[in-house]
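Q: Please work out how this folds:
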Amino acid sequence: MSPKAAKAATVRAATHDDLAAIVGIYNWAVNQTFATIDSEPLDTEEAAHWWEAHGKRSKLLVATDDTGVLGWARLFPWNQRGFDVVEDLVYVDPVHHGRGIGKALLTELINEARGLGYRTIVATIATDNRSGLHLHTRLGFEAVGTIRNAAHKFDRWMDITLVQRSLD
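A: Residues are numbered from 1 along each chain as shown. Coordinates of the predicted model:
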């Protein structure tokens, strides 16, 4: 994060009061980008259920400044079969892209994952999401595979790239 952005943004645990901003950022990504494969925005009921589901071995963080929530990130178990693998999600309000907010959020998620005892962190990123792939690569993730034609969005099929990083 640039020195200016570092002073202006704070990464902290999300609270229920942040949920509307989190959903707003996410729904923009749903409607405008390949940052998520979801093609339908979250409604209020789905968002409330999602909030309740993030649990003990998961973390939900926000980056904020004096204007409010700038971005958010979530860490959650990748597979429910007992693997010590966790998955990350990172979304930044488009007005604040390029300020290092995604990097700050993902860096904190990596630290949280280590603290929770996970051994590996992964992300499934639409191959067309160049900024998401670049962010993860800059923080030590490597591509380990591609799922071809994994999701249909914006009237076309898209591939998903699986990236991972060891937390040892």
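
Q: Local confidence estimate at Ala5?
A: We have a pLDDT of 45 for Ala5.

Q: hey, where'd the strands end up in this protein?
A: For the chain, the strands defined by DSSP state E occupy 10-13, 59-65, 68-77, 85-92, 120-126, 142-153, 156-166.

Q: Throw those into a markdown table and include mean pLDDT, thanks.
A: Listed next are the strands of the chain as a markdown table, based on pLDDT from 0 to 100:
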| stretch | mean pLDDT |
| --- | --- |
| strand 10-13 | 96 |
| strand 59-65 | 94 |
| strand 68-77 | 93 |
| strand 85-92 | 95 |
| strand 120-126 | 96 |
| strand 142-153 | 96 |
| strand 156-166 | 96 |
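
Q: Now find how far off-centre stretch 151-160 is within its chain.
A: Put simply, stretch 151-160 sits 19 Å off its chain's centre (Cα atoms, centre = their mean, to the nearest Å).

Q: which other residues reach that stretch?
A: Stretch 151-160 is contacted from outside by 34, 37, 39, 124-128, 146-150, using Cβ atoms under 8 Å, 6 or more residues apart in numbering. For the C-beta atoms, the positions are set from N, CA and C on the backbone; glycine is no exception.

Q: coming back round to it: which one, of the strands of the chain, ends up nearest to Leu106?
A: Closest to Leu106 of the strands of the chain is strand 85-92 (Cβ to Cβ; 5.2 Å).
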